[in-house]
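Participant: quick check, what structure comes out for this input:
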Amino acid sequence: MCLARLAGATAQDRDFDRTADAARESLRLIEGGQSSSRTRKQLVAVREQLHAHRASPAVRDTFDLLTDHIA
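Facilitator: Model (predicted):
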C-alpha cells in the first residue's frame, strides 16, 4: 500500500516518472499475491489523477497499465 500511496503523492506533484515506477512496483506486488483492496483503491485514485495528463506518452502508458490491471 505504501507504494500505491507514493504513486499518488508523486502524481500530485506531477513527478510522473516516479509515479510510473511506484505504480509498476505496486502492480508487481499485487500480481505476486500481495493484493489488498486498499492498495487497489489507491491505484484507482492514481489512475484518476493521471487522466488529465494522458497527452504525455509516459503518463498514457502508466494510465493504460493501471486500467488494464485494476479496472
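Participant: name the helices or strands packed onto the helix or strand in which Ala9 is found?
Facilitator: Following DSSP states H and E, one finds Ala9 within helix 2-12. With contacts defined as 3 or more Cβ pairs under 8 Å, 6 or more residues apart in numbering; DSSP states H and E, the packing partners of helix 2-12 are helix 16-31, helix 37-50. C-betas here are computed from N, CA, C, even on glycine.
Participant: point out where the chain drops to low pLDDT.
Facilitator: Scanning the chain for pLDDT under 70 picks out 71.
Participant: residue closest to the middle of it?
Facilitator: For the chain, the residue nearest the mean C-alpha position is Ala23 (3.7 Å; Cα atoms, centre = their mean).
Participant: what's stretch 28-40 in contact with?
Facilitator: Taking Cβ atoms under 8 Å, 6 or more residues apart in numbering as the criterion, the residues outside stretch 28-40 that touch it are Met1, Leu3, Ala4, Ser26, His69, Ile70.
Participant: likewise for stretch 9-17?
Facilitator: Outside of stretch 9-17, the residues that reach it under the criterion Cβ under 8 Å, 6+ apart are Arg18, Thr19, Ala22, Val46, Gln49, Leu50, His53, Ser56, Ala58, Val59, Thr62.
Participant: how does it look with 7 Å?
Facilitator: Applying Cβ atoms under 7 Å, 6 or more residues apart in numbering, the set of residues contacting stretch 9-17 from outside is Arg18, Thr19, Ala22, Val46, Gln49, Leu50, His53, Ser56, Ala58, Val59.
Participant: same check on stretch 46-60?
Facilitator: Contacts of stretch 46-60 with the rest of the structure, by Cβ under 7 Å, 6+ apart, involve 4, 7-8, 11-12, 16-17, 19-20, 23, 62-63, 66-67.
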